[in-house]
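Undergrad: When you get a sec, could you give me coordinates for this:
(one chain, ligands or ions: 1)
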Amino acid sequence: MNIVTCIYLIALVLSVFNIVMLIESGIRLDIYTVLLMSAVVVANGGYLAIAVAGTLDAALVGISLIYLGGCYLPFFVFCIGANLTGIHPPRWLKLFMVGVSTFVIGCTFTIGRSPIYYKSVDIIDAGGYSVVVKEYGPFHHFYFAMLGIYIVAVAYICVLAIKRRNIVSYKTTILYSVFLFINVLIYAVDRILNINFELNAIGYLATELTILLIHKKVSLYDMTYNVMNIWEKMEEYAYIVFDSNKRYLGSNALARQYFENLKFQEIDRKLTVNLPEITDLLNRFDRMNAGDEIDEKAVYRDTLKLSGRVLRSEVKFLSRKRTLKFLGRAIYGYLIEFYDITKESEYIASIEEKNERLAAAEKRALEASNAKSDFLSSMSHEIRTPINTILGMNEMISRESQDMVILGYSRDVEKAGHMLLNLVNDILDFSKIEAGNYDLDEKEYSIQELANTSGAMLEKRASEKNLRIALDVDPGMPAGLIGDEGKIEQILVNLIANAVKYTNEGYIRVSVTGEYVGDGYDLEVTVSDTGIGIKPEDIEHIFDSFTRADIRKNRHIEGTGLGLAITKKLCVIMGGNIKVSSRYGEGSVFTVRIPQKIGDPTLVGSVKLSKKTQKTKRKRYEASFTAPSARILIVDDNEMNLEVFVSLLKDTQVRIDKALGGKEAIELSKANKYDVIFMDHMMPTPDGIETLKIIKSDSSNPNAETPEIALTANAVSGSMEMYLAAGFNGYLTKPVDPLELEETVKDNISPSLIESKKP
Ligand code: ADP
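TA: This is a model prediction of the structure:
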């Protein structure tokens, strides 16, 4: 195949390919563009047909095809231009043009048959391909007339379009002129050179490409333009549009108000004015889409501070559906959108500020609350220390005095001292629960024993008022429950103590029962009394802290109004509840329900609290043992506490060394062998725990193995475990209970040292 045939073939293939491109590009298909594309295929088919024709008849078919495609082609170009620029030529003009083109085509059918269009026609071999040699007849002038009409018509459209001065028509016109120029040029070259090659085949292709380009641009402008028209009227949103090469296409009035430089930016050019915010947004959006696959729905959001305004910005792609849907959407530009959120952000900022203030207030409150509980716990420590002295010294007075009047005073001091101690305990408990500073220490316990001891603790007080405490434990309940025994005991003691306090005659009944619920057991304790009762209007307040009902009548009864508040909190933290019913003047019933786990499922037998009342009169004190050869060391930084300690153990005759701090204790422990060491915890360095560690870790110290008992004035829950873990062998709280102290000494010294023992 020779080169010329080859070029015709390629031109034909390309013109078919252009149709595919047209469909793929997603350009809105108008009928004239489709017809134009088809006309080019037909004409280029004609050129190829002539080149490969062996006979004149075959060449004539080619000539017909060329005219068929070529004569309508300018009409289609004219219509496309008119459509693009929005100019509507009159119908008669279009009909006239079609008429002229059809007439010319009609004339070409005479070729080879009559000399009116071509005087003569033949084919020759131009070296491997055929060429038509012809001589124009008179009718051929109609062809030039037709071309002239089209040139005028197209020029007319251009003038009108430029007059309209909109971006679309302006740009269209430029491209349109390019098209005219190319085709006229090609035609002229063809005529002048008179070569054996029809340049029109290439010219048509150039026409097609120009039209495709125009379409692509124009449809973009078109779309942008239409959209801009809508946006222009939008008052809340600002828009800026770029094409896919980041050439500025337009913006609405609000955008130009926000970014004044936009007014100076040329359309269809990359940004030349200074708009760093916009460039930055576009770059960030590009970076976001840097991956392999571009998501046409990608959105980049940001907020922008611009001369006192806060703008929410969004960058996204402009895309449209392709005609061949499976190819997805075609991205043709960028859209930047702004929305003024100054008010919202001020509002949010004010809320944030408020939140910050709240958080700061909360922090302060928390600090205050922590400070409060620190204060309360150190206060408890500080108060317990003098109470220890008061009660200890008072114990000595009661032991050593024979004078009944003084013994009476001493009993009052003891009572008041214990009241003060209870008060401190209550306040400490309350502050711990308030601060959420409590642990549930769950283990198995016997509810029967617990009820017994709680009742027994108050037996003395009850019998002083001639009250009876009756205890019923449901024999059908499990013998071992799992829960926080200490807290349940505190609840029971609080309730029984209140019943005793607010009952003047009759009895107090404590009944313990419950209900099997699933795997566990809901423990139910009821404390009822025949006391003064509570007025209905007071009932709802009695669980409030520091609230005491019927103050006038109860003034003589000591209390802080904390007991029930603590009791209720204890119930709640164990997942239970407390209820009360009362008849004023007749008595009250408090019912507590607390879910427990079952430890030992064997059933308890019925238990009655011993009715034996304790003697109201104090027994004379007598030491429970003597051990003159036992040696103990007591360590405390408070001299009076040391005094109390020594006095309390005086009658046991044990030899006591005193150390006024950790350092002295270490010295003494190195020099002497003790049978037991009592060590205060809260001391200036080294404190009790540090001193203990120093003594125990020094194997040369004769007291490395000596039992050590911690003494503390700070009764915080979990202390027992803490001291045992630190290496202490036992734990006593201050104020020290004289009997407990003697018991502890007796238990920790060798039995061989004990000389006499009280039976
Ligand atoms: P306190 O007993 O220290 O005043 P509580 O918190 O224990 O504080 O009790 C609050 C109030 O509830 C008491 O002041 C009293 O008026 C009333 N109250 C509590 N228990 C009883 C009871 N068993 N009988 C009558 N009133 C009671």
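Undergrad: which bits of the protein sit near the ligand?
TA: Residues of the chain lying close to the ligand by C-beta under 6 Å from any ligand atom are 498-499, 502, 529, 531-534, 542, 548-550, 554, 559-565, 588. Every residue, glycine included, has its C-beta placed from N, CA and C.
Undergrad: Which of those fall within strands?
TA: Asp529, Ser588 (DSSP state E).
Undergrad: which of the residues of the chain next to the ligand count as buried?
TA: Neighbour counting over those (16 or more other C-beta atoms under 10 Å) leaves 498-499, 502, 529, 531-534, 542, 548-550, 559-565, 588 as the buried ones.
Undergrad: and the closest residue to the ligand within the stretch 301-450 of the chain, helix, strand or coil?
TA: Closest approach between the stretch 301-450 of the chain and the ligand, counting by C-beta to the nearest ligand atom: Asp426, at 7.7 Å. Classification of Asp426 using DSSP: H, G, I helix; E, B strand; the rest coil returns helix.
Undergrad: List the contacts of the closest residue to Gly688 other than its chain neighbours.
TA: Nearest residue to Gly688, sequence neighbours excluded (C-beta to C-beta, 6 or more residues apart in numbering): His681, at 3.9 Å. Contact analysis of His681 by C-beta atoms under 8 Å, 6 or more residues apart in numbering lists Asp687, Gly688, Ile689, Ala710, Leu711, Thr712, Asn714, Tyr723.
Undergrad: I'd like those written out as TSV, with secondary structure, pLDDT and neighbour count added.
TA: Shown next, in TSV, are the contacts of His681 (DSSP: H, G, I helix; E, B strand; the rest coil; pLDDT from 0 to 100; neighbours: other C-beta atoms under 10 Å):
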residue	secondary structure	pLDDT	neighbour count
Asp687	coil	89	16
Gly688	helix	91	25
Ile689	helix	91	19
Ala710	strand	91	25
Leu711	strand	87	25
Thr712	strand	80	21
Asn714	coil	66	16
Tyr723	helix	85	24
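Undergrad: Turn those residues into CSV, columns for distance to Ile488.
TA: Below are the contacts of His681 laid out as CSV (distance: C-beta to C-beta, whole Å):
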residue, distance to Ile488
Asp687, 33
Gly688, 30
Ile689, 30
Ala710, 25
Leu711, 27
Thr712, 23
Asn714, 23
Tyr723, 23
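Undergrad: Out of the residues of the chain next to the ligand, list just those in helices.
TA: Asn498, Ala499, Asn554, Gly563, Leu564, Ala565 (DSSP state H).
Undergrad: and which of these is nearest to Ala82?
TA: Checking those against Ala82 with C-beta to C-beta, the nearest one is Ala565 at 92.1 Å.
Undergrad: How is the closest residue to the closest one other than its chain neighbours assigned, secondary-structure-wise?
TA: Once flanking residues are discounted, Ala565 sits nearest to Ser545: 3.9 Å by C-beta to C-beta, 6+ apart. Classification of Ser545 using three-state DSSP returns coil.
Undergrad: how many other residues sit next to Ser545?
TA: 16 (other C-beta atoms under 10 Å).
Undergrad: Repeat that for Gly308.
TA: 6.
Undergrad: for Val310, helix, strand, or coil?
TA: Looking at Val310 with three-state DSSP, the answer is strand.
Undergrad: Equivalent analysis for the one 5 residues further on, please.
TA: In three-state terms, and counting by three-state DSSP, Val315 is strand.
Undergrad: can you tell me the helix or strand for the closest residue to it other than its chain neighbours?
TA: Spatial nearest neighbour of Val315, excluding adjacent residues (C-beta to C-beta, 6+ apart): Phe285 at 4.0 Å. Taking DSSP states H and E as the definition, Phe285 sits inside helix 276-288.
Undergrad: same question, Lys579
TA: Using DSSP H and E, the element containing Lys579 is strand 577-583.
Undergrad: State the mean pLDDT of that strand.
TA: Across strand 577-583, the average pLDDT comes to 94.
Undergrad: Where in this protein is the helix or strand with the lowest mean pLDDT?
TA: helix 551-554 (a mean of 68; mean pLDDT, DSSP states H and E).
Undergrad: The longest helix belonging to the chain - contacts with which helices or strands?
TA: Of all the segments of type helix in the chain, defined by DSSP H, the longest one is helix 342-400. Packing contacts for helix 342-400, counted by 3 or more C-beta pairs under 8 Å, 6 or more residues apart in numbering; DSSP states H and E, involve strand 309-321, helix 404-434, helix 639-648.
Undergrad: next helix or strand past the second one?
TA: Following the chain from helix 404-434 toward its C-terminal end, the next helix or strand by DSSP H and E is strand 443-446.
Undergrad: partners of that following strand, with directions?
TA: Here strand 443-446 is paired, per DSSP bridges, with strand 478-483 (antiparallel).
Undergrad: Can you get me a residue count around Ser454?
TA: Number of residues near Ser454 (other C-beta under 10 Å) recorded here: 26.
Undergrad: State the mean pLDDT of the stretch of helix or strand Tyr187 belongs to.
TA: For Tyr187, the element it lies in under DSSP H and E is helix 167-193. Averaging pLDDT along helix 167-193 gives 72.
Undergrad: ok, now which ones touch Gly137?
TA: Pro115, Ile116, Tyr117, Tyr118, Lys119.
Undergrad: sorry, back to before: need the helices and strands packed on helix 342-400 in a markdown table (columns: mean pLDDT).
TA: Below are the helices and strands packed on helix 342-400 laid out as a markdown table (pLDDT from 0 to 100):
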| stretch | mean pLDDT |
| --- | --- |
| strand 309-321 | 86 |
| helix 404-434 | 81 |
| helix 639-648 | 88 |
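Undergrad: Turn these into CSV, including mean neighbour count.
TA: Below are these laid out as CSV (neighbours: other C-beta atoms under 10 Å):
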stretch, mean neighbour count
strand 309-321, 18
helix 404-434, 16
helix 639-648, 19
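Undergrad: Dump the ones you listed into a markdown table; add distance to Leu212 as well.
TA: A markdown table is the format used below for the helices and strands packed on helix 342-400 (distance: least, C-beta to C-beta, whole Å):
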| stretch | distance to Leu212 |
| --- | --- |
| strand 309-321 | 16 |
| helix 404-434 | 81 |
| helix 639-648 | 104 |
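Undergrad: Next, the distance between the ends of stretch 469-479.
TA: 22 Å (C-alpha to C-alpha, to the nearest Å).
Undergrad: how distant is stretch 338-351 from the center of its chain?
TA: How far stretch 338-351 lies from its chain's middle: 21 Å, per C-alpha atoms, centre = their mean, to the nearest Å.
Undergrad: List the buried residues of it.
TA: Neighbour-count burial for stretch 338-351 flags Phe338, Asp340, Ile341, Ser345 (criterion: 16+ other C-beta under 10 Å).
Undergrad: Can you tell me which of these is closest to Ile406?
TA: Checking the buried residues of stretch 338-351 against Ile406 with C-beta to C-beta, the nearest one is Ser345 at 79.1 Å.
Undergrad: residues contacting the residue nearest to the closest one when sequence neighbours are not counted?
TA: Ranked by C-beta to C-beta, 6+ apart and with sequence neighbours excluded, the top spatial neighbour of Ser345 is Val310, at 4.3 Å. Contacts for Val310 (C-beta under 8 Å, 6+ apart) come out as Thr303, Leu304, Asp340, Ile341, Thr342, Glu344, Ser345, Glu346.
Undergrad: coming back round to it: mind picking the lowest-pLDDT entry from the buried residues of stretch 338-351?
TA: Ser345 (86).
Undergrad: thought that residue was touching Lys305?
TA: No. Applying C-beta atoms under 8 Å as the test, Ser345 and Lys305 come out as separate, 9.2 Å apart.
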